[in-house]
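1. coordinates only, sequence not included:
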C-alpha cells in the first residue's frame, strides 16, 4: 500500500496513471522491455472480465479452443494485407534448442492465420457450419513505445474467429459481437462507449470492415475498446476454406473475428480513478465489500462475520480486514485498491448501535443502524454506485465532446482540450491524413446514420459523406 | 463423429490412443511441428480442470498472476542447474520486428526465473511473506518426439511459485500441493495415483527435492501426473531474494513450485477410454448427461425439458439432442464424446411409461419409469460411475503392479507386461542408469516409509536404502 506515491491527476495525468497502476499493485515492468507482470490485483480484474465475457460468449453458442502460439512465416504470408499490417511488429523465433530453424516462426500477433489453417482442413459441408470459436491467450506485438496495460509487447486477450455459410449470417455475428462489447463496457465497466465503423484507413488489416467501440478517457484521449471485424471471403480465399453448400456446390466460407484485451484495465483506471487510488465499478470489482474492524474486538468480529455470511448469500464478494494495521491504514488500503464499499465496525459506533458505511466512488460516509438488512442495503448501494459511476463518466464525456466545422475549429479544440470531435468528412483518405497531422488526431469511427452536421467536409470543403468522430488516441 | 475410425485398444494401443483423440475431437496437429490445436471438446475438459483446481488453490490462499512469456538469456542463466536442464529444449526469439535483438529471449519452458526476478524487487520484509502466486499459461519445450497431449512443444499448464519465511513453512506448502494433486487425480479424474519423492537423478533441475504423483496407464506405461518442488534457498540465492526477518536480520526466502498440465487429458484417455471412444469420469466431464430424443416428437421434447430443468437445478450439466440425426448416430456420438449418462426418450418406451438410461462406462442400459425423481437418480448414478471407474482403474493398476528381486525379474517383467515395478535400491545412480538401459525403465519415485521388500539392491546386490517404484514412462 503506497497511496502517498500517487501523483495528482490534475498535475500530470500520465504520471498519475502510472502511479495508480503501481500503488494499487496492478502490474509492473519486467526484465523484458515492454512486457509486464500482471500482479494479483490486476489479474483478479482480468479474471472477472473473463468470467463475465466468457459466460456471455457461451450463451451465444461460442466454444473455446487453443491454437498454437507460433505461426510459420509462409502461412502468415498467405493473406497479404494481414502480413503487411503486422510484419513490422512481429517477434520471430529462429532457434529451437541448439538448432537454427529452417523457417522463422512468428509469435502470434493475432490468430486469423491459425484459425484459417485449421478451418481449411476441418470444414467440408454446410453441416459443419457455423464454427463459433474463441480463444483466451497471450499475443505479442513488438511495439516501440509501451505503457502499462494500454500498449505492451505482450498482452492477454480473447479472439473470437467464426465462419459461416452466408454473408448475412457472418455480418449478423459481427454486429452481435460489437453489441456484446458495448453492453460489457457500458453495463459492466461503467464506461460509456460509442459504436461505429472504422474508416478504410483504420480498418483491421485484411478485413472488409471493422466495427469498433470507442471510449473517452478522463483526460479527453480516446481508447479503442473492442473491435469486431467482418472478413467476407478474403481469408477463406487466401487459406482455401471451402465447403459444399446446400445446393451441393463448393463455396468459400464467410468469416469474422472480434476481440478485447487487458488494455481495458487501463481504460477502467483512466475513466474512473481518482487521487486516492483505484475506483472500480461494483460489477467488475473482484472484491466488492471490505469490513474494516477498528479495534479488532470480538464484538466487532462477531458482527463482521454475521454481515459477511449474509452478504455472501447474496453473491456479494466480501472480506474482513482484522489485521493489526491502524484503522487509517486499513481505510487507505481499501481506497487504493478500489473496494467499492467499506463497512467500518468500531467500538465507539457500536455503543450507539451504529456502523459506518463508506462509498469508494464519492468517499461519502453514512452512519447506519447495526440492524439494517445488510445484504439488501449493500445490493442497493452497489447498484447506485454502478449507475452513478456510469453517469459521471457520461457527463465527463459529454463535457469533452465537441463539434468542428472547419480546420480552425479542429486545431483550436486539439490545442485547448482534446476530446471526441464530431465533424463531417468527404471520405477521402487525403483529408484523414491532413487531420492526423494535427497532433496525431485520428478518425475514431464513422457514426452510422449519424446526424448531418454540415454539408461539407471539415478539411477540404468538398461534399461530405460521413459523420465521423475524431480524437487523439492511446 | 467418427467412431468407425477407432483402432482396437488390444491391437495397437498407441494408434488406439491417437484415434480416440481424433474421433472425440480433442486435439489435432497444426502446421507447426509438435504444436497442437486443442479443439472444443478437449479445451472444455481443460476448462473443467482449471475450474476445479483453481478453486482449490484459492481456498488455500493462492492468487493468480501473469508473468511475461519471454525470458532474457542472461536472467535464465543465473540458476545454473535450471539452465542446464532446459537449455537443450528452449525456443529462442532473436528478432523483434525487422531488428536483430541484442540478447536472445527464451520462450518460457517454466517460470522460476521470472517469478524469482519479480520477487527479488518486491520482497523486503517478513511482512511481505508468504507470497502464494500461481499462473495459468502456455509454456514451450522444443521436444524432438511429440504425441498429442502427452508431449508437445507447446502445452498449457499452471505453475505455482511460492516464497516463505521458513524452511518448515515452504516444505509444508510442497507437501500440501502434492496432496492437492493426489486428491485431484484420485477423486476427480478417478485415476489412482501414488505419491512419492523423485530420486536425485529425476529431481527437477534446481530443486532440493521433487514430490511426484505417479499414475499407471491401461497399457502399463507410467505417467508423471503432478509435481511439487522444494527449492530451499537455491533460487533465492541465485536471484538474490532477500528479506528482513523478525529479528531484523537479512535472510533468503524459501521457495516452492508445483504444476500440472494438459497432459492429464492424455492420462484420462489412457486410463479410462475404450474402443467406443472417450470415457470421462462424471466429475471432470464438461457435459454429464445427454437426453436423446428418438423421434423428436413434442411429447419427447416436453419430458426432456422437464428433466433438463430438474437436472440443472441439481447442478448437473445436461443437453438435449433433438437433431435430425438417426437415434443410432446420436447414441454413438454421445459414446465417442464420453458423456457419462445418456437418457433415451422414445415413443415406444413412453407408451409403457418408461425411459431408458445408459451408462457410458459399462454401456449398460436400464429401463426406468418416467416418474422417477430424475435428479436424485442421476446424482446417485454419476457417483456410482465415478467410484466404479476409480475402482476399475485401481484393479487394473494392481494387476499391473509387480515386485522385482533381481535384474532377471526386472527384465522378465519388462519383456512380458510392463507396469509399476516395486524393487529395492541402494541409492546409487549407477544402478539407476543400468536399470534405465532395460527398455528405458526409470525410477518413478521413492516410496516414503515404503515397506522393505528385500535387504539388497535389485541391481547391484549391495545394501538397499529405498523402496522404489520403477516403470517405463510417457
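-> On my side now, so go ahead. Keep in mind that what you see is a predicted model, and the values were worked out from it rather than measured.
2. distance between the helix or strand where residue A:223 lies and the chain's centre?
-> Per DSSP states H and E, residue A:223 falls inside strand A:222-232. Strand A:222-232 has its C-alpha centroid displaced from the chain centroid by 11 Å (C-alpha atoms, centre = their mean, to the nearest Å).
3. how far out from the middle of the chain is the helix or strand following it?
-> As assigned by DSSP H and E, the chain's next helix or strand after strand A:222-232 is helix A:234-238. In terms of C-alpha atoms, centre = their mean, the centre of helix A:234-238 is found 29 Å from the chain centre.
4. helix A:234-238: what's the following helix or strand?
-> For helix A:234-238, the following helix or strand on the C-terminal side (DSSP H and E) is strand A:242-244.
5. which neighbouring elements make contact with that next one?
-> strand A:250-252 (3 or more C-beta pairs under 8 Å, 6 or more residues apart in numbering or on different chains; DSSP states H and E). From N, CA and C alone the C-beta is placed, and that goes for glycine too.
6. let's see 10 Å
-> Here strand A:242-244 touches helix A:112-122, strand A:250-252, going by 3 or more C-beta pairs under 10 Å, 6 or more residues apart in numbering or on different chains; DSSP states H and E.
7. would you list those in JSON lines and tack on distance to chain B?
-> Shown next, in JSON lines, are the helices and strands packed on strand A:242-244 (distance: least, C-beta to the nearest C-beta, whole Å):
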{"stretch": "helix A:112-122", "distance to chain B": "5"}
{"stretch": "strand A:250-252", "distance to chain B": "20"}
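8. surely residue A:174 forms part of a helix?
-> Yes: according to DSSP: H, G, I helix; E, B strand; the rest coil, residue A:174 belongs to a helix.
9. what does the stretch 251-400 of chain A have sitting close to chain B?
-> Residues of the stretch 251-400 of chain A lying close to chain B (C-beta under 10 Å from any C-beta of the partner chain) are A:262, A:286.
10. quick one, strands of the stretch 251-400 of chain A?
-> A:254-261, A:289-293, A:318-321, A:341-345, A:354-359, A:365-369 (DSSP state E, counting those that start in this stretch).
11. could I get the ones you listed as TSV with mean neighbour count and mean pLDDT?
-> As requested, the strands of the stretch 251-400 of chain A are exported to TSV (neighbours: other C-beta atoms under 10 Å in any protein chain shown; pLDDT from 0 to 100):
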stretch	mean neighbour count	mean pLDDT
strand A:254-261	26	98
strand A:289-293	25	98
strand A:318-321	19	98
strand A:341-345	24	98
strand A:354-359	19	98
strand A:365-369	12	97
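12. what is the rounded mean pLDDT of the strand holding residue A:223?
-> Mean pLDDT, computed over strand A:222-232, is 97.
13. about what we covered before: is it possible to export the strands of the stretch 251-400 of chain A to a markdown table including distance to residue A:204?
-> Output for the strands of the stretch 251-400 of chain A, formatted as a markdown table (distance: least, C-beta to C-beta, whole Å):
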| stretch | distance to residue A:204 |
| --- | --- |
| strand A:254-261 | 8 |
| strand A:289-293 | 40 |
| strand A:318-321 | 41 |
| strand A:341-345 | 40 |
| strand A:354-359 | 40 |
| strand A:365-369 | 48 |
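14. where does pLDDT dip in chain A?
-> A:1-3 (pLDDT under 70).
15. spell out the residue ranges of the helices in it.
-> A:13-23, A:40-59, A:73-76, A:80-86, A:112-122, A:167-183, A:234-238, A:263-272, A:298-313, A:327-336, A:347-351, A:374-399, A:407-416, A:429-436 (DSSP state H).
16. tell me the most buried of these?
-> helix A:263-272 (a mean of 25; mean count of other C-beta atoms under 10 Å in any protein chain shown).
17. who are the packing partners of that one?
-> Using 3+ C-beta pairs under 10 Å, 6+ apart, helix A:263-272 sits against helix A:13-23, helix A:40-59, strand A:154-164, strand A:209-216, strand A:222-232, helix A:374-399.
18. can you give me the angle it makes with helix A:374-399?
-> Angle between the axes of helix A:263-272 and helix A:374-399 is 80 degrees (criterion: axes from the mean of the first three to the mean of the last three C-alpha atoms, to 10 degrees).
19. residue B:226 is nearest to which of the strands of the stretch 251-400 of chain A?
-> Residue B:226 sits nearest to strand A:318-321 of all those, at 29.2 Å, using C-beta to C-beta.
20. who does the closest one pair up with?
-> As defined by DSSP bridges, the strand partners of strand A:318-321 come to strand A:289-293 (parallel).
21. gap between the strand it pairs with and the chain center?
-> Mean-position distance between strand A:289-293 and its chain equals 29 Å (C-alpha atoms, centre = their mean).
22. separation between the residue in the stretch 251-400 of chain A that chain B sits nearest to and residue A:139?
-> With C-beta to the nearest C-beta, the shortest gap between the stretch 251-400 of chain A and chain B falls at residue A:262, namely 8.5 Å. According to C-beta to C-beta, to the nearest Å, residue A:262 and residue A:139 sit 10 Å apart.
23. more neighbours: these two, which one.
-> residue A:262 (24 against 19; other C-beta atoms under 10 Å in any protein chain shown).
24. give the contact list for the closest residue in space to that one that isn't next to it in sequence.
-> Leaving aside its sequence neighbours, residue A:262 sits nearest to residue A:156 (C-beta to C-beta, 6 or more residues apart in numbering or on different chains; 4.7 Å). Listed by C-beta atoms under 10 Å, 6 or more residues apart in numbering or on different chains, the contact set of residue A:156 reads A:36, A:38, A:43, A:46, A:49-50, A:136-139, A:261-263, A:265, B:66, B:137.
25. which residues does residue A:260 bridge with?
-> Assigned bridge partners for residue A:260, using DSSP bridges, are residue A:158.
26. that one reaches residue A:56, doesn't it?
-> No: using C-beta atoms under 10 Å, residue A:260 makes no contact with residue A:56, being 11.5 Å away.
27. who in the stretch 101-250 of chain A is up against chain B?
-> A:101, A:103-107, A:113-115, A:117-118, A:120-122, A:131-144, A:152-156.
28. kindly report the domain assignment for chain A.
-> Domain assignment for chain A by automatic domain parsing gives A:3-272, A:289-389, A:401-471.
29. related to what we said a few turns ago, show me what contacts the residue of the stretch 251-400 of chain A closest to chain B?
-> By C-beta under 10 Å, 6+ apart, the neighbours of residue A:262 are A:27, A:36, A:38, A:42-43, A:45-46, A:49, A:138, A:148-150, A:152, A:154-157, B:66.
30. mind redoing it with 6 Å?
-> Contact analysis of residue A:262 by C-beta atoms under 6 Å, 6 or more residues apart in numbering or on different chains lists A:46, A:149, A:155, A:156.
31. then residue A:27?
-> A:21, A:36, A:38, A:39, A:42, A:148.
32. how about 8 Å then?
-> Residues in contact with residue A:27 (C-beta atoms under 8 Å, 6 or more residues apart in numbering or on different chains) are A:21, A:36, A:37, A:38, A:39, A:42, A:148, A:149, A:265.
33. neighbours of the residue nearest to residue A:433 when sequence neighbours are not counted, how many?
-> In space, and not counting its chain neighbours, residue A:433 is closest to residue A:201: 8.0 Å by C-beta to C-beta, 6+ apart. Using other C-beta under 10 Å, residue A:201 is surrounded by 11 other residues.
34. unless I'm mixing things up, residue A:201 is touching residue A:432, no?
-> Yes: the pair residue A:201 / residue A:432 is scored as a contact, 5.5 Å apart, by C-beta atoms under 8 Å.
35. can you tell me how far the residue lying closest to residue A:39 once chain neighbours are set aside is from residue A:76?
-> Among residues not flanking residue A:39 along the chain, residue A:25 sits closest, at 4.8 Å (C-beta to C-beta, 6+ apart). Going from residue A:25 to residue A:76 by C-beta to C-beta gives 37 Å.
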